[in-house]
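1. one predicted model, sequence on top.
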Amino acid sequence: MTRGEAALSVTGVWKSFDEHPVLRGIDLQVARHEAVVLIGASGSGKSTLLRCINGLEEVDAGQIVLGDGVEVSAIGADLDAIRRRVGIVFQSYNLFPHMSVLENICLAPRKVLGRSRSAAQDLARELLARVGLADKADAYPDRLSGGQAQRVAIVRALAMEPELLLLDEITSALDPMLVGEVLDLVRDLRETGLTFVMATHEMAFARDVADRVCFLHEGRILEQGTAHEVLATPADPRTQAFLARWRPAG
């Protein structure tokens, strides 16, 4: 905790599927305005951890608590209220195909937050302009490139004005030529002070934007620290072996 009060506290979290443990005692603290990046091989638990933080998966043991003491993992927790505060964006855009970009973005603020149509549209247009998509407000998802659709998905999450944003491999489904435009948006969000936790395989991006990098292996956080500490001078041999696959030869 170096950047202010806590936004999230994950303590001793376990999660299994069909008796197969996917998370094995995860401890993670996230400060307000901190950018935390999760790295690790597929199946290491990154996506499951994000889904537990958002309440999309129940934990088997441990606690997940927001900064003001609201426990996501509590039995009977108000998950709708929690998801108004904790946004999540997946690698699949999940835009409603029968709605325009503007309608996709305005739906939750109007239905969940009770915003007026005009207020929701004003914010949506402001956010679209910020990400270079002002001219796509009336377009439908099938008219967007993958990079544009993913940026709209991020804007849709931002329109709820979340305290914490979770980004789950948001570039994995994109053509390599489109990855940069989505990562540029996340860089911009990082500069606004948004608190986020992001799972990614983009090591160069993690190096550039992360306040802290956490390496997950078989459901545990084996190593965490600054981007330089974890990516340039990793201490654990398993972190070293993982990163060796991502570094160009020569």
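-> Alright, I've got the coordinates. On a predicted model such as this, the values are computed, not experimentally measured, just so you know.
2. so which residues make contact with the lowest-mean-pLDDT helix or strand in the chain?
-> Lowest on mean pLDDT, DSSP states H and E among the helices and strands of the chain sits helix 176-192, with a mean of 84. Outside of helix 176-192, the residues within contact range by Cβ atoms under 8 Å, 6 or more residues apart in numbering are 35, 130-131, 145-148, 150-151, 154, 158, 165, 167, 170-171, 174, 196, 198, 202, 205, 208-209. To be clear about C-beta, it is placed using only N, CA and C from the backbone, and glycine gets the same treatment.
3. rerun at 6 Å
-> With Cβ atoms under 6 Å, 6 or more residues apart in numbering as the test, helix 176-192 has contacts from 35, 131, 146-147, 150-151, 171, 205, 209.
4. next helix or strand past that helix?
-> The helix or strand immediately downstream of helix 176-192 is strand 196-199, counting by DSSP states H and E.
5. and that following strand, what does it pack against?
-> With contacts taken as 3 or more Cβ pairs under 6 Å, 6 or more residues apart in numbering; DSSP states H and E, strand 196-199 sits against strand 35-39, strand 164-168.
6. just say which of these is most tucked in.
-> Among the helices and strands packed on strand 196-199, ranked by average contacts under mean count of other Cβ atoms under 10 Å, first place goes to strand 35-39 (a mean of 26).
7. and the residue lying closest to residue 234 once chain neighbours are set aside, backbone torsions?
-> Nearest non-adjacent residue to residue 234, counting by Cβ to Cβ, 6 or more residues apart in numbering: residue 240, 5.1 Å away. Main-chain dihedrals, residue 240, degrees, to the nearest 10: phi -60, psi -40.
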